[in-house]
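Novice: Sharing a model prediction with you, sequence too.
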Amino acid sequence: MKKKNLKQYVVFAIGEIFFIIAGILIALSINNWNENRISLKKADVYIDKIKKDLAVDTTYFEYAIKRIDIKIDYKKSLFNPDSIAKFTTSQIQGIVTSGTNNISINTNAYNKMVESGIVTLPEKKFLFEKLDNYYAVFNTYLMEFNKWEEKSVDKDMDFWIYQNHYELEYLDSIPKVANPKENRESLLKVVTSKAGKNYVNMSILREKRMKEIYTKARDGAKKLIKRIDSIQNTK
């Protein structure tokens, strides 16, 4: 009789242990599911912010590309005597010293998402890989070419501003230029010289290169926005 009671007790104890373990496993599963659900919602919030950043970047790139086209047209006109005659001295000086474009991408939302640790979510792995590739490639790409453009423009400035063949008028300097006509003739002499033409031509090539870079970055951002929409809309 005692053996029978002991056997029943053991079976009961094992059953109790089984139910306790099962309960723990279920609780852990529910907790993991809940944490995963919260992480997915957090990921969607970050992704929406990234999408807005990409949309803003696209607008900036569009503006930069249009501005570059205008700058190229103006610089090309310096090779045409009839066109250059229509520009004021200040306008010519502004064209040859048009400065840098210096456009970069906004990485704030993406960096915060990476820091949050949610990029390990398997459900978003494909999208995270696309985002990581875009930001890793284009952020470095743009920074390097912006540095190259800045150095090139600095070299241009040394030629156009500090070679002392004429005075700057487009900065509205005080006192005013004593002899505007003579100053313009000195400027045109530099612009139409071999060195001047080479500097203008190289600046046009630089603008075209920067336009190419910005176009690639813009198109990459547009593709990512479409990718985000296609993935988020299938939830």
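Specialist: Yep, it's here. Just so you know, these numbers come straight off a predicted model, no measurement behind them.
Novice: and after the lowest-mean-pLDDT helix or strand in the chain, which helix or strand comes next?
Specialist: Lowest by mean pLDDT, DSSP states H and E among the helices and strands of the chain is helix 2-77, with a mean of 76. Downstream of helix 2-77, the first helix or strand assigned by DSSP states H and E is helix 81-84.
Novice: Report the distance from that next one to the chain centre.
Specialist: 37 Å (Cα atoms, centre = their mean, to the nearest Å).
Novice: same question, stretch 196-207
Specialist: 25 Å.
Novice: Would you mark the buried spots in it?
Specialist: Across stretch 196-207, burial judged by 16 or more other Cβ atoms under 10 Å covers 196, 199-200, 203-204, 206-207. No exception for glycine: its C-beta is placed from N, CA and C like everyone else's.
Novice: Return the subset of those residues lying in helices.
Specialist: Among the buried residues of stretch 196-207, the residues falling in helices (DSSP state H) are 196, 199-200, 203-204, 206-207.
Novice: would a markdown table of those residues with pLDDT be doable?
Specialist: What follows is those, written out as a markdown table (pLDDT from 0 to 100):
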| residue | pLDDT |
| --- | --- |
| G196 | 96 |
| Y199 | 97 |
| V200 | 97 |
| S203 | 96 |
| I204 | 97 |
| R206 | 96 |
| E207 | 96 |
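Novice: nearest to L187, of the residues you listed?
Specialist: Ranked by distance to L187 (Cβ to Cβ), these are led by G196 at 9.4 Å.
Novice: Count the neighbours of T58 for me.
Specialist: The number of residues packed around T58, counting by other Cβ atoms under 10 Å, is 19.
Novice: pretty sure it contacts D219?
Specialist: No. In this structure T58 lies outside contact range of D219 using Cβ atoms under 8 Å: 9.1 Å.
Novice: quick one: contacts for the most centrally placed residue in the chain?
Specialist: In the chain, the C-alpha nearest the mean C-alpha coordinate belongs to I105, at 1.8 Å (Cα atoms, centre = their mean). Applying Cβ atoms under 8 Å, 6 or more residues apart in numbering to I105 gives the contacts 53, 57, 135, 138-139, 142, 217, 221.
Novice: Considering those, which possesses the most neighbours?
Specialist: When neighbours are counted by other Cβ under 10 Å, A217 leads these with 25 neighbours.
Novice: Once you drop chain neighbours, what's closest to it?
Specialist: Closest residue to A217 apart from its sequence neighbours, by Cβ to Cβ, 6 or more residues apart in numbering: F138 at 4.9 Å.
Novice: so how far is A55 from the one you found?
Specialist: Separation of F138 from A55 (Cβ to Cβ, to the nearest Å) stands at 15 Å.
Novice: cool, K112 as well?
Specialist: Taking Cβ to Cβ, one finds K112 at 17 Å from A55.
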